[in-house]
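Visitor: Take this sequence and fold it.
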Amino acid sequence: MTQVKSKFLSREPLDPQGAKWKRLVKTYYTDPNGVKRDWESAERLTRPSDSPVDGVGIFALLNGPDGSELLLEKQYRPPIDQVVIELPAGLIDPGETAEQTAIRELKEETGYIGTVDQTSGIMFNDPGFCNANFKMVYLQVDMSLPGNQDPKPDLEDNEFIECFTVPVAQLQTELQKFEKEGYAIDARLGSIAAGIEIAKKLRI
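Guide: So this is what the prediction gives:
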């Protein structure tokens, strides 16, 4: 599948009254010396009232006769005007658990049906910049199941996602190739790749 690149048009300041998904806030606090300080940051407006978590990252392993491969995506991200190599991910809907969100988002974005292996605690994407957080949900995808033979994603009209897989052991090497080709690398995925390489060196 060859992805048609989105075309950047313009960027302009956003009127706060028109913001649907995020807002800028200023936080006031005192430091350990009692000095009053302030901090500018962004907040998500989409976190459900019944959840402490915004969304999930999905570490989905496709398990077939030739071994396991990690399911990844290419997706254009307007804030940086680049196609990003990233894990499947999505926001939690009201009433959902992180695990339910991961299964639903995996099916919607990739067409694959997965089962939950484990879930991380809450992690923060960029706490110096925003309050956004997520849980990483680890899914196993059984490629012998009929539903995984010819997966069909159910994308929204503003989603243009290309799915592909890489062997887990070669993740760092593959990401380096993508970066040289002009792709951006998502920090969560890059951190996982770096962790795998550290584990190899330390033999843990």
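
Visitor: can we go C-alpha only for contacts and neighbour counts from here?
Guide: Fine.

Visitor: quick one, strands of this structure?
Guide: Remark: strands assigned in the chain by DSSP state E are 22-30, 36-44, 55-64, 67-77, 82-86, 89-91, 115-124, 133-142, 161-167, 184-185.

Visitor: Counting by contacts, list what the last one packs against.
Guide: It stands for strand 184-185. On a contact count with 3 or more C-alpha pairs under 8 Å, 6 or more residues apart in numbering; DSSP states H and E, strand 184-185 meets strand 82-86, helix 171-180.

Visitor: Buried deepest among the ones you listed, which one?
Guide: Burial of the helices and strands packed on strand 184-185 is given as mean neighbour count (mean count of other C-alpha atoms under 10 Å); strand 82-86 ranks first at a mean of 21.

Visitor: For that one, give the mean pLDDT please.
Guide: On average, the pLDDT along strand 82-86 is 97.

Visitor: quick one: strands adjacent to it?
Guide: Using DSSP bridges, the strands paired with strand 82-86 are strand 67-77 (antiparallel), strand 184-185 (parallel).

Visitor: which residues touch it?
Guide: Under the contact criterion C-alpha atoms under 8 Å, 6 or more residues apart in numbering, strand 82-86 has outside partners 5, 72-77, 175, 178, 183-186, 188-189.

Visitor: can you list the weak-confidence ranges in the protein?
Guide: Within the chain, the segments meeting pLDDT under 70 span 1-4.

Visitor: Any chance you could give me the longest helix seen in it in PDB, C-alpha atoms only?
Guide: Using DSSP state H to define each element, the chain has its longest helix at helix 187-202. Extracted C-alpha coordinates of helix 187-202, given in PDB (Å, rounded to 0.1, in the frame of the first residue of the first chain):
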ATOM      1  CA  ALA A 187       8.900   8.800  21.300                       C
ATOM      2  CA  ARG A 188       7.000   5.800  22.800                       C
ATOM      3  CA  LEU A 189       8.100   3.500  20.000                       C
ATOM      4  CA  GLY A 190      11.600   4.900  20.000                       C
ATOM      5  CA  SER A 191      11.900   4.300  23.700                       C
ATOM      6  CA  ILE A 192      10.700   0.700  23.400                       C
ATOM      7  CA  ALA A 193      13.300   0.100  20.600                       C
ATOM      8  CA  ALA A 194      16.000   1.600  22.800                       C
ATOM      9  CA  GLY A 195      15.000  -0.600  25.700                       C
ATOM     10  CA  ILE A 196      15.200  -3.700  23.600                       C
ATOM     11  CA  GLU A 197      18.700  -2.800  22.600                       C
ATOM     12  CA  ILE A 198      19.700  -2.100  26.200                       C
ATOM     13  CA  ALA A 199      18.300  -5.500  27.200                       C
ATOM     14  CA  LYS A 200      20.400  -7.200  24.500                       C
ATOM     15  CA  LYS A 201      23.600  -5.500  25.700                       C
ATOM     16  CA  LEU A 202      22.900  -6.300  29.300                       C
END
